[in-house]
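Chemist: After the sequence you'll find the predicted model.
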Amino acid sequence: MRKPIVAVTADTLLAEMKPINQKMADYAPRPLIDALGRNGFLPVILPYNDYAEAEELVGTFDALVLPGGPNPTPRFYHEDPIWSIGPTYEKRDKFEIDLIQACIKAGKPILGICRGLQILNVALGGTLWQDMQSQNSGAFIQHMQRAPGNIATHYIEVEKDTRLMDILGEGLYVNSRHREGIKKLAQGLRPAARTRDGVIEAVESEEGDLLAAVQWHPENMDPETMDPLFRAFMDRVLKHMGIEE
């Protein structure tokens, strides 16, 4: 059996990169590439492309991962940016939104991570808190942690009767590195986990199993704890490829 090809959308380094003086370099997180490879995928990094349609690109891979990165541009959910929003990059936003819609149409499974959860929600018609600290008075937990990024800092409660509960159990501590969060959940998604202050920490398809996303960074946590999440993604991909393990 060939390894499933998973496309990981790239971020773009807008500043100059030393030591090679490269600008506009495309990249993906090494820990994420390693986590996918460790769990049986053949990962490829997919930068935004001004010269190809999403439908053309979708034919080159079996599944899509939307990794972390800058905040989604508010105009994609019909808002203007507030003062405290972080950096945005609309070229990546549009590229990922088009890919999400093409993957859904083609039946290609998607896993979103941090920003990936947010852009998935936006692509399906949901909205975001641009800055929970200033906009969401109910969010009393520190969601942009000051601890090292690999350290789990707050607890999430997994919703009953979800696929995520089958994967990770009733709850666990996770890392947290996000300013934004889901405000209005998109149609077709259901919450799969929340923090103790009510912020949605994971989503999955209301019907079927095509879509899943988490707000934390599983690739930066202990593989023994988080590899089940990547193995469950593999199970979904093989199912949609029509391959029995």
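Modeler: Thanks, I have the structure now.

Chemist: Tell me which residues touch the residue nearest to Y89 when sequence neighbours are not counted, please.
Modeler: In this structure, Y89 finds its nearest non-sequential neighbour in P70, 5.3 Å apart by Cβ to Cβ, 6 or more residues apart in numbering. In this view, the C-beta of every residue, glycine as well, is placed from N, C-alpha and C. The neighbours of P70, taking Cβ atoms under 8 Å, 6 or more residues apart in numbering as the test, are D11, G86, P87, T88, Y89, R92, R115.

Chemist: quick one: the helices in the chain?
Modeler: Secondary structure of the chain (DSSP state H): helices at 30-38, 54-58, 90-106, 115-123, 132-135, 163-168, 223-241.

Chemist: Just name the most buried of those.
Modeler: helix 115-123 (a mean of 26; mean count of other Cβ atoms under 10 Å).

Chemist: Run through who's touching it.
Modeler: Outside helix 115-123, the residues touching it (Cβ under 8 Å, 6+ apart) are 65-72, 76-77, 93, 96-97, 100-101, 110, 112, 127-128, 178, 180-182, 185-186, 189, 202-203, 211, 213-215.

Chemist: still on that earlier bit, could I get the helices of the chain as CSV with mean pLDDT?
Modeler: Shown next, in CSV, are those (pLDDT from 0 to 100):
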stretch, mean pLDDT
helix 30-38, 98
helix 54-58, 97
helix 90-106, 98
helix 115-123, 98
helix 132-135, 88
helix 163-168, 98
helix 223-241, 97
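
Chemist: tell me how far stretch 105-113 is from the chain's mean position?
Modeler: Distance, stretch centre to chain centre, for stretch 105-113: 11 Å (Cα atoms, centre = their mean, to the nearest Å).

Chemist: same question but for stretch 235-245, I mixed them up
Modeler: 21 Å.

Chemist: residues making contact with that stretch?
Modeler: For stretch 235-245, contacts defined as Cβ under 8 Å, 6+ apart pick out M1, P4, V6, F41, D62, A63, G107, K108, P109, D209, L210, A212.

Chemist: Tell me which of the helices of the chain sits nearest to R196.
Modeler: helix 132-135 (14.1 Å; Cβ to Cβ).

Chemist: For that closest one, list the C-alpha coordinates in CSV.
Modeler: Provided in CSV are the C-alpha atoms of helix 132-135 (Å, rounded to 0.1, in the frame of the first residue of the first chain):
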residue,chain,number,x,y,z
MET,A,132,-10.6,37.3,22.8
GLN,A,133,-8.9,39.3,25.5
SER,A,134,-10.5,42.5,24.5
GLN,A,135,-13.7,41.2,22.8
